[in-house]
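>>> with the sequence up front, the predicted model follows.
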Amino acid sequence: MTYPIRPIDESEWPAYTRVLEEGFGWTPHPTQAERWKTETEFDRTLAVFDGDQIVGVTGIYSLPMTVPGGQLPVAGVTAVSVLPSHRRRGVLSAMMRRQLDDIRERGESVAALYASEALIYGRYGYGRASSELSFQIDTRRSAFVPGAPSDPSLRLRVVKPADERAELEKLFASVVPRRPGRYERNAHFWNGLLADEEADQHGAGPWRSILAEDDRGVRGYALFRIKSSWDDNGIPNGTVKLQELEATDPAAYALLWRSVLDRDLVSKVQSGGRPVDDPLIALLADSRQLRASWADELYVRLVEVGRALSARSYSAPVDLVIEVEDETCPWNARRWRLTAGSSGAECVPVEDQPDVTLPVVALGSAYLGDGLLGQQLDAGLLREHTVGAVRGLATAMAWSPKPWAGMTF
Ligand SMILES: CC(=O)SCCNC(=O)CCNC(=O)[C@H](O)C(C)(C)COP(=O)(O)OP(=O)(O)OC[C@H]1O[C@@H](n2cnc3c(N)ncnc32)[C@H](O)[C@@H]1OP(=O)(O)O
């Protein structure tokens, strides 16, 4: 069965959000819903209709995202939902195909998303492209290694985050280019973060913030909640629940971590997703104290393989013919020569014999530099026709620091 698909206009907003609320079993806070409407790119929404009823929806945020060696306009796929009454009839598949066509037409070569379930998007060519660690640290065992950086010109300032929004935004903008996967936050993201509408759900009070600064300005911030508690013996047992910690330099970074780890009345710091190569791991003298759990983070789809691979930098020279398999975007399914060296990168269509045959999902997972091609090769999942070709490509596509977006969109 086929259903018509088109973008919605503002008058259809209630029916659009209803599909999201039903699909996710979610009730937005009233101000959250209003803000979300204001920031929706209506021309980038899609709704699937069964008669006059909207039964499936999705949208896109236009995100300037850091990739290895630069920044690209990336289609940030979001708000995917199908009414429970219409699930498993191909509604999502129809939306995904149409959306990828639209992204291509708009000239973006890369799409990215956070997946509600890891199994959904591989079939459409999205590969797991970054991962994150959530962890808990016992603050009594959180000493740093000898030689951890310090800078006497730095000082800490306790602030209310909403009062210092301009400083947080400026600091954050300065760190975005440093790591693939990070994306520029527009007002919508800051409005949502600082509105703190979910404060009541955490039992840990409102956002608190501390800045690290010197006479020239702010060099970093931490954003967190505190859940205070005492055990049965009256011993303080509070928890810092860290949301964000960003800094321009290692000394400010170390000082901000010490400020949350050394906080009075606190015995543990819990952090949501952090990069898997977070410098904190190197700073901790006893890194085993980082009780971490791993999770997948961004999923990336190369919408235009040639343009996407030409647009990033590479960690090592490479000159290979890659045969790409791509059923969803057949314009990618052909042979490409990727040449990268000190003068830049180029990926062009060729007819030559391939060194390697890769599903487009593998290129998506490697695109931001997570190094996953080597892992997939060792797992026996990739076919190479020239011995060493995949290892060479994996080395060239890997990047330091590792990709991490840091906030769901
Ligand atoms: C970026 C984001 O917004 S992520 C948010 C995704 N949305 C949600 O999780 C909300 C709740 N779930 C839903 O709304 C729906 O179940 C969706 C969107 C996940 C799937 O929509 P559907 O219209 O049912 O998917 P559709 O029928 O097109 O399925 C296509 C294929 O994907 C498979 N599939 C769909 N959902 C899932 C899933 N959650 N897990 C594994 N496979 C799935 C189907 O079995 C089907 O496989 P097949 O082609 O081998 O037969």
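On my side now, so go ahead.

>>> lowest-pLDDT helix or strand in the chain?
For the chain, counting by mean pLDDT, DSSP states H and E, helix 30-39 ranks last in confidence among helices and strands (a mean of 88).

>>> same for the very next helix or strand once past that one, what does it pack against?
Downstream of helix 30-39, the next assigned helix or strand under DSSP states H and E is strand 46-50. Taking 3 or more Cβ pairs under 8 Å, 6 or more residues apart in numbering; DSSP states H and E as contact, the helices and strands that strand 46-50 lies on are strand 5-6, helix 13-24, strand 53-67, helix 91-106. C-beta here means a position set from N, CA and C on the backbone, and glycine is covered the same way.

>>> what parts of the stretch 201-350 of the chain come near the ligand?
Contact residues of the stretch 201-350 of the chain with respect to the ligand, defined by Cβ under 6 Å from any ligand atom, are absent.

>>> now do the strands in the stretch 201-350 of the chain.
With DSSP state E, counting those that start in this stretch as the definition, the stretch 201-350 of the chain shows strands at residue ranges 208-214, 217-227, 238-247, 266-275, 290-296, 298-302, 318-325, 335-341, 344-349.

>>> which residues touch the third one?
Outside strand 238-247, the residues that touch it by Cβ atoms under 8 Å, 6 or more residues apart in numbering are 171-172, 175, 193, 202, 204, 207, 212, 219-229, 253, 256-257, 260, 263, 265-272, 406.

>>> so that strand versus strand 208-214, what angle?
Strand 238-247 and strand 208-214 meet at an angle of 40 degrees, taking axes from the mean of the first three to the mean of the last three Cα atoms, to 10 degrees as the criterion.

>>> chain center to strand 238-247: distance?
Taking the mean of its C-alpha atoms, strand 238-247 sits 18 Å from the chain's own mean (Cα atoms, centre = their mean, to the nearest Å).

>>> that older thread, need the winner for burial among the helices and strands packed on strand 46-50.
A comparison of those by mean neighbour count, using mean count of other Cβ atoms under 10 Å, puts strand 53-67 on top with a mean of 21.

>>> which elements pack onto that strand?
Checking 3+ Cβ pairs under 8 Å, 6+ apart, strand 53-67 ends up next to helix 13-24, strand 46-50, strand 70-82, helix 91-106, strand 110-114.

>>> any chance of the ones you listed in TSV, with distance to T328 and mean pLDDT too?
Rendered in TSV, the data for the helices and strands packed on strand 53-67 read as follows (distance: least, Cβ to Cβ, whole Å; pLDDT from 0 to 100):
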stretch	distance to T328	mean pLDDT
helix 13-24	22	96
strand 46-50	16	98
strand 70-82	13	98
helix 91-106	6	98
strand 110-114	11	98
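
>>> nearest to P146, of those?
Among these, strand 70-82 comes nearest to P146, with 37.0 Å by Cβ to Cβ.

>>> what angle separates that closest one from strand 110-114?
Angle, strand 70-82 to strand 110-114, by the same axes, to 10 degrees: 50 degrees.

>>> now stretch 113-124, how far from the centre of its chain.
Taking Cα atoms, centre = their mean, the mean C-alpha location of stretch 113-124 is offset from the chain mean by 13 Å.

>>> ok, residues contacting it?
Judged by Cβ under 8 Å, 6+ apart, the contacts made with stretch 113-124 from elsewhere in the structure are 24, 76-78, 80, 92-93, 96-97, 100, 126, 128, 296-299, 301, 328, 361, 405, 408-409.

>>> that stretch and the ligand, any residue contact?
Yes - between stretch 113-124 and the ligand, judged by Cβ under 6 Å from any ligand atom, the touching residues are 113-117, 119-120, 123.

>>> ok, and the most crowded of those residues?
Across these, the neighbour count under other Cβ atoms under 10 Å reaches its highest value at L113, namely 24 neighbours.

>>> is it in a bridge, and if so with what?
Note on L113: beta-bridge partners V77, Y299, judged by DSSP bridges.

>>> any idea how far V300 is from it?
When Cβ to Cβ, to the nearest Å is the yardstick, L113 and V300 sit 8 Å from each other.

>>> need the residues touching each of these two.
Common contacts of L113 and V300 (Cβ under 8 Å, 6+ apart): Y126.

>>> sorry, back to before: to G371, which of the helices and strands packed on strand 53-67 lies closest?
Nearest to G371, of all the helices and strands packed on strand 53-67, is strand 110-114, at 17.5 Å by Cβ to Cβ.

>>> burial measure for R258, as a count.
18.

>>> pLDDT value on V324, please?
Looking at V324, its pLDDT is 98.

>>> ok, it touching L358?
Yes - V324 lies in contact with L358 (Cβ atoms under 8 Å); the separation is 6.1 Å.

>>> mind checking how far the residue of the stretch 151-300 of the chain found nearest the ligand is from V110?
Here the stretch 151-300 of the chain gets closest to the ligand at one residue, Y299, 8.1 Å apart by Cβ to the nearest ligand atom. Spatial separation of Y299 from V110 under the definition Cβ to Cβ is 11 Å.

>>> what do you get for S313?
S313 is 14 Å from V110, where distance means Cβ to Cβ.
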